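**Student:** Sequence below, structure please.
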Amino acid sequence: MTAPVVDPLLAAHGLDVAPDDPELRQVARLAAAVCGVPTATVNLLDSTLQHQVATHGFAGAATPREESMCDVTARQDAPVLVPDASADPRFADNAWVTGRQAEVRFYASHQLRDESGRVIGTLCAFDSAPRELNEQQREGLADLAASAARLLQQRREALGLQKRLSELDRSHAELTAFAGRVAHDLKNPLTGVLGFLQLARRRGKDLDPVVLECLDQAGVAAVRLQGMLDGLLRYATSGAPEPAVDVDLDRLALQVQADVVHHVEKAGAVVEVAPLGRLRTDPLLLGQVLQNLLGNAVKYRDPDRTAHVRVSREDLPDRVVLVVADNGRGIPDSSKERVFQLFARASNAGQVSGTGIGLATCERSVEALGGSIA
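**Tutor:** Below you'll find the predicted structure:
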């Protein structure tokens, strides 16, 4: 018969169990009451030690595992019930029976197993006088052992969740720092681009008007990109959107259109922006969302008709709704929630290239603004 494997990962030093855990201490107290004995304990076992993490009737401690009675219990397939341990060859020479540690006679012990069946510890009740348990007492002790095992599993899961949250916090901090470094590193070459554009504009007064217009548009876009990088740096250092300000949405929409004008003209698309008014929000995040949605509307256009995109606003009693509508491919009902997942794309995206990041980023930005997107 193969002995159950004791899980060392669930020893007290690897599990977030306080030395005086009140719920486990209650289990020990009830175990003593059920068995009618003065002492009981919840133990956790590792490869070398027995940790008495919750006790009733005596002070708990960590003792060498090979000297413990529960080391024997952990290697059995069933609970151990001994009326007189001094007469049982498994325990007769044990330090807890001979007097070196104690003079245990009655000993009742249940294995505590995790969800996979591994023994992680024991619940035991004991007395210095021999005694027997009736069937009702045996069942009560078994129920308490199951409760103790569930409590320990909850502690393990909570500790695992805490570790995962710490890892996520560290990952978020690293990503935020990376975004800040990228934004900072991009500022220097962008400043150079701005300088050359301004120089070209000053010295190119005799250039073709179309070329001058292109230089002006490039300069405006570069200045706007510089503002976006400044905002990204602020976001990276603060970890939150900028405080809401009064934003002229019509002007913001014009800036967004200017950023994607090349794609709109190349696609032969028609973009209509209804009066949007003003709104207190973060213009950087909202501008990025609108730019992404407008770009998607043009990118995923229906090849059989001219793309038409309309941006409008609807004021409801409890919120403002900004709508970007188009006559393109649409999003199938089966994909309408999935497309907001990272790296997910609509089932009808076809051969149009894409990363599946844009809408996930939009959702994150909108939620950071306190809204929702659908």
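**Student:** biggest helix in this structure by residues?
**Tutor:** In the chain, taking DSSP state H as the definition, the longest helix is helix 135-203.
**Student:** Could you list every helix and strand that that helix packs against?
**Tutor:** Packing partners of helix 135-203 (3 or more Cβ pairs under 8 Å, 6 or more residues apart in numbering; DSSP states H and E): helix 22-35, strand 106-113, strand 119-127, helix 209-238. The way it works is simple: take the backbone N, C-alpha and C, and place the C-beta from them, glycine included.
**Student:** between the ones you listed, which gets nearest to A92?
**Tutor:** Of all the helices and strands packed on helix 135-203, it is strand 106-113 that lies closest to A92, at 11.7 Å by Cβ to Cβ.
**Student:** Neighbouring strands - and their directions - for the closest one?
**Tutor:** If you go by DSSP bridges, strand 106-113 pairs up with strand 80-82 (antiparallel), strand 119-127 (antiparallel).
**Student:** OK, contacts around the closest residue to E132 other than its chain neighbours?
**Tutor:** Leaving aside its chain neighbours, E132 sits nearest to P83 (5.4 Å; criterion: Cβ to Cβ, 6 or more residues apart in numbering). With contact taken as Cβ atoms under 8 Å, 6 or more residues apart in numbering, P83 is in contact with 105-106, 130-132.
**Student:** give me phi/psi at P83?
**Tutor:** With angles defined as degrees, to the nearest 10, P83 sits at phi -60, psi -40.
**Student:** Against Q291, how distant is it?
**Tutor:** 80 Å (Cβ to Cβ, to the nearest Å).
**Student:** The lowest-mean-pLDDT helix or strand in the chain vs helix 135-203, what angle?
**Tutor:** Lowest on mean pLDDT, DSSP states H and E among the helices and strands of the chain sits helix 209-238, with a mean of 74. Taking axes from the mean of the first three to the mean of the last three Cα atoms, to 10 degrees, one finds helix 209-238 and helix 135-203 inclined to each other by 150 degrees.
**Student:** Please name every helix or strand in contact with helix 209-238.
**Tutor:** Applying 3+ Cβ pairs under 8 Å, 6+ apart, one finds that helix 209-238 makes contact with helix 135-203, helix 249-259, helix 283-299.
**Student:** The stretch 251-374 of the chain: helices as residue ranges?
**Tutor:** Secondary structure of the stretch 251-374 of the chain, counting by DSSP state H, counting those that start in this stretch: helices at 261-267, 283-299, 358-368.
**Student:** where among those is the average confidence lowest?
**Tutor:** Note on the helices of the stretch 251-374 of the chain: helix 358-368 shows the lowest mean pLDDT, a mean of 82.
**Student:** Return the list of helices and strands in contact with it.
**Tutor:** Contacts defined by 3+ Cβ pairs under 8 Å, 6+ apart place helix 358-368 against helix 283-299.
**Student:** residues in contact with the helix it packs on?
**Tutor:** So helix 283-299 is in contact with 227-228, 231-232, 235, 241-242, 245, 247, 252-253, 255-257, 259-260, 263-264, 267, 269, 271, 279, 307, 309, 311, 322, 324, 326, 328, 352, 354, 358-359, 361-362, 365-366, 368-369, 373, going by Cβ under 8 Å, 6+ apart.
**Student:** before we move on, back to that, tell me the angle of the least confident helix or strand of the chain relative to helix 249-259?
**Tutor:** Helix 209-238 and helix 249-259 are oriented at 110 degrees to each other (the same axes, to 10 degrees).
**Student:** Tell me how far helix 209-238 lies from the chain's centre.
**Tutor:** Helix 209-238 sits 35 Å away from the centroid of its parent chain (Cα atoms, centre = their mean, to the nearest Å).
**Student:** about what we covered before: only whichever of the contacts of helix 283-299 are buried, select them in ChimeraX.
**Tutor:** Selecting only the buried entries of the contacts of helix 283-299 in ChimeraX, with 16 or more other Cβ atoms under 10 Å as the criterion:
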select :228,231,232,235,241,247,252,253,255,256,257,259,260,264,267,269,271,279,307,309,311,322,324,326,328,358,359,362,365,366,369
